[in-house]
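**Student:** sequence plus predicted model, see below.
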Amino acid sequence: MRFTFLIGIGLTVLLFIACNSPYTVGKKRGYFNIQFPAKSYQLFNQSGYPYTFEYPTYAVIKKDSTFFQDKADDWWINIDVPQFGGRIHISYKAINERNRFDSLVEDGFKMAYRQHINMATGIQDSLFTTPSGIKGIYFNLGGNTATANQFFVTDSTKNFLRGALYFDATPNADSLGVVNEFLKKDLLHLINTLQWRAAATDKKS
């Protein structure tokens, strides 16, 4: 009888506490409202480089020093967008006996599908031709990948250029979705304005 009475008192106290506690509703996960700059572009046309293209005015180009032991890094660059922690990494190889066309294409696919195996939920690759007639393959990866957008372009005889859009953040398709779409347009603009040109030297053989 005493035990039943104590249970009754306990339930009354819990009910009182519950009735006087503030009522809250579970909130959906939200993300910051991001202010995007107006789209505008400038020409990258640096002396000695075998390619030109247009890139955003809110981005900065830095020489890539990651692969300093490879002479090809002289033409490797990063296009950084500090405002969004984004980076378009550009690597370039001159097609020759050392860098055979079929091997470069195979490496391009391997780089994209390596992400698919590790993190991506799906991948689409599509052939494209730019307004200037340059052909390439575009890779669109789904899920929480380090880079959801990759591509390579080539003339199959002299030039092979690969690009990938990265973010300096833990991969999250939901939180990065809006920014990814914004910078993806810049990536596509770069592709569509890309042109080949003769390099200053042939030291990259």
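**Tutor:** Received it, and whenever you're ready, just let me know what you need.
**Student:** top helix in the protein by residue count?
**Tutor:** Taking DSSP state H as the criterion, the chain has its longest helix at helix 173-193.
**Student:** who are the packing partners of that helix?
**Tutor:** The contact analysis (3 or more C-beta pairs under 8 Å, 6 or more residues apart in numbering; DSSP states H and E) places helix 173-193 against strand 41-44, strand 51-56, strand 77-81, strand 86-94, strand 135-142, strand 149-154, strand 159-167. Just so you know, the C-beta spots here come from the backbone N, C-alpha and C atoms, and that holds for glycine as well.
**Student:** name the surrounding residues that touch the shortest one.
**Tutor:** Pointing back at strand 41-44 there. When contacts are defined by C-beta atoms under 8 Å, 6 or more residues apart in numbering, strand 41-44 is touched by residues 52-57, 61, 186, 189, 193.
**Student:** that one - which strands sit beside it in the sheet, and in what orientation?
**Tutor:** strand 51-56 (antiparallel) (DSSP bridges).
**Student:** same check on the third one?
**Tutor:** Sheet pairing of strand 77-81 (DSSP bridges) gives strand 60-63 (antiparallel), strand 86-94 (antiparallel).
**Student:** quick one: that strand to helix 173-193, angle?
**Tutor:** Interaxial angle of strand 77-81 relative to helix 173-193 (axes from the mean of the first three to the mean of the last three C-alpha atoms, to 10 degrees): 130 degrees.
**Student:** angle of strand 77-81 against strand 159-167?
**Tutor:** Comparing the axes of strand 77-81 and strand 159-167 via the same axes, to 10 degrees yields an angle of 30 degrees.
**Student:** repeat for the second one
**Tutor:** What separates the directions of strand 51-56 and strand 159-167 is an angle of 20 degrees, with the same axes, to 10 degrees.
**Student:** go through strand 51-56 and flag the buried ones.
**Tutor:** Under the neighbour-count criterion of 16 or more other C-beta atoms under 10 Å, strand 51-56 has 51, 53-56 buried.
**Student:** could you do the first one as well?
**Tutor:** Buried residues in strand 41-44, counted by 16+ other C-beta under 10 Å: 41, 44.
**Student:** you'd agree residue 193 is up against residue 51?
**Tutor:** No - at 10.4 Å, residue 193 does not count as touching residue 51 under the criterion of C-beta atoms under 8 Å.
**Student:** show me the shaky parts of the protein.
**Tutor:** Low-confidence segments of the chain, defined by pLDDT under 70: 1-33, 65-73, 115-122, 142-146, 169-176, 199-205.
**Student:** the same query, at a cut-off of 80, please.
**Tutor:** Scanning the chain for pLDDT under 80 picks out 1-34, 64-74, 112-124, 141-148, 168-177, 198-205.
**Student:** before we move on, back to that, could I get the strands paired with strand 77-81 as JSON lines with mean neighbour count?
**Tutor:** Formatted as JSON lines, the strands paired with strand 77-81 follow (neighbours: other C-beta atoms under 10 Å):
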{"stretch": "strand 60-63", "mean neighbour count": "12"}
{"stretch": "strand 86-94", "mean neighbour count": "21"}
